[in-house]
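> got a predicted model here, sequence first, then my questions.
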Amino acid sequence: NEIQIFCPATIANVSCGFDVLGLCLESVGDEMTITKTDRMGVRITDIIGANLPLEAEKNVAGVAALSLLHHLLPNCGFDIKITKNIKAGSGIGSSAASAAGAVYGINKLLGSPLTDKELIYFAMQGEALASGSPHADNVSPALLGGFTLVRSYDPLDVIAITAPPELYVTVIHPQIELKTKDARSVLKENISLKKATIQCGNLGGLISGLYTQNYDLIGRCLHDELVEPVRSILIPKFAELKEAAKQAGALGGGISGSGPSVFALSRGETTARKAAEAFAAIMQQTSVPFEAHVSAI
Ligand code: HSE
């Protein structure tokens, strides 16, 4: 009647896949304990490590859980306790971890009436509360692991892609809070055909690189024509961070989700750790505190 869950951090967009591509960090994330109770509804009983609303209707995990309960109509309720390790507004899927964890745990406690893929829609309802848009590029990898591609939002069609075995991710989180809502409001509504063409080439190439484990091809495709030029202005030392990771041997990188975190992909853990050191050396030139993570995917 009780389940303990690891709710992984995720990186959305992965440079060339705005709102459609995401990846899951194997070893960075929150923890959640969900208990099945006789009292109907959802209660957030405790949140450790963050100052977030306990009221279910105002909490990302609560909203995702309630949307699932409205669909499944079980004869019971759930208490949710959350330990947040992922900071809100960091760009590594803090809200998605909570939303995905809540629906995953409740579904398990109910004997798995839905598949993990079917849970994506309900987790998206939590994302909508957090950012004003029900994007699925964080909740999908949080629920399915590895890389995911949202092929279509309507109807929802998500493809899970296994990460190449030697691919590691490095993330640096400059500790300034950048709300997804604000980082979305600076984006342009329209893009040029020329930019769309380049973006399509890179996204197709990246997916191909993942399937064929072609690390060089993956690196060549980590380029964003659409969002990075606009958002990078909001991130301290963005260009230097990206360049430093490449100099350290990383395949490439970009903005993690809506920022301010910056990520790099590397072949092998050793290079990923070197990229983390290179990121840290750049951040040390600023007065902004930061946190770095290295993880398998
Ligand atoms: N795709 C979303 C964005 C991810 O870039 O706004 C937010 O984490």
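Looks like it arrived, so ask away.

> buried residues, the helix or strand hosting Ala99. List them.
For Ala99, the enclosing helix or strand under DSSP states H and E is helix 94-109. For helix 94-109, burial by neighbour count (16 or more other C-beta atoms under 10 Å) applies to 94-107, 109. Quick note: C-beta positions are derived from backbone N, CA and C, even for glycine.

> what do you get for stretch 10-29?
10-18, 20-26, 28-29.

> wait, does it contact the ligand?
Yes. Under the criterion of C-beta under 6 Å from any ligand atom, the ligand is reached by stretch 10-29 at 12-13, 18-19.

> can you get me the start-to-end distance on that stretch?
When the termini of stretch 10-29 are compared using C-alpha to C-alpha, to the nearest Å, they are 9 Å apart.

> cool, and stretch 250-270?
OK, stretch 250-270 end separation, C-alpha to C-alpha: 10 Å.

> ok, that stretch near the ligand or not?
Yes. Contact of stretch 250-270 with the ligand (C-beta under 6 Å from any ligand atom) involves 257-258.

> quick check: mean pLDDT of that stretch?
What stretch 250-270 shows for mean pLDDT is 97.

> His223 against Cys200, yeah?
No. The pair His223 / Cys200 is not scored as a contact, 12.0 Å apart, by C-beta atoms under 8 Å.

> what's next to stretch 119-136, contact-wise?
Residues outside stretch 119-136 that contact it (C-beta atoms under 8 Å, 6 or more residues apart in numbering) are 12, 19, 58-64, 67-68, 71, 95-96, 98-100, 102-104, 107, 138-140, 142-144, 150, 153, 156, 158, 179-181, 184, 258.

> Glu118: how many residues sit nearby?
By the criterion of other C-beta atoms under 10 Å, Glu118 has 15 neighbours.

> report pLDDT for it.
98.

> over to Asp30?
97.

> can you tell me the SS state at the residue nearest to Leu178 when sequence neighbours are not counted?
Nearest residue to Leu178 in three dimensions, chain neighbours excluded: Pro260, at 4.5 Å (C-beta to C-beta, 6 or more residues apart in numbering). Secondary structure assignment for Pro260 (DSSP: H, G, I helix; E, B strand; the rest coil): coil.

> can you pull the phi/psi pair for Pro260?
Dihedral angles phi and psi of Pro260 (degrees, to the nearest 10) take the values phi -80, psi 0.

> and the helix or strand of the chain with the lowest mean pLDDT, which residues are buried?
In the chain, no helix or strand scores lower on mean pLDDT, DSSP states H and E than helix 180-185, which sits at a mean of 89. Neighbour counts using 16+ other C-beta under 10 Å place 180, 183-184 of helix 180-185 among the buried residues.

> mind telling me what element the residue in the chain positioned nearest to the ligand is part of?
When distances are taken as C-beta to the nearest ligand atom, the chain reaches nearest to the ligand at Gly257, 3.1 Å away. According to DSSP H and E, Gly257 maps onto no helix or strand at all.

> repeat for His293
Using DSSP H and E, His293 falls in strand 290-296.

> what mean pLDDT does stretch 150-167 get?
For stretch 150-167, the mean per-residue pLDDT is 98.

> ok, now stretch 231-247?
95.

> between the two ends of that stretch, how far is it?
23 Å.

> ok, that stretch near the ligand or not?
No. If you take C-beta under 6 Å from any ligand atom as the test, stretch 231-247 misses the ligand, and the best it gets is 7.9 Å.

> now do the buried residues in that stretch.
Within stretch 231-247, the residues scored as buried using 16+ other C-beta under 10 Å are 231-232, 234-238, 240-242, 244-246.

> centre of the chain to that stretch, how far?
The chain centroid and the centroid of stretch 231-247 are separated by 19 Å, computed with C-alpha atoms, centre = their mean, to the nearest Å.

> contacts made by it with the rest, please.
170, 172, 174, 176, 178, 183, 186-187, 252-255, 258-260, 262, 264, 266, 275, 278-279, 281-283, 285-286, 288.

> the longest helix along the chain - contacts with which helices or strands?
Under DSSP state H, the helix in the chain containing the largest number of residues is helix 193-212. Contact analysis of helix 193-212 by 3 or more C-beta pairs under 8 Å, 6 or more residues apart in numbering; DSSP states H and E lists strand 156-161, helix 215-221 as its packing neighbours.
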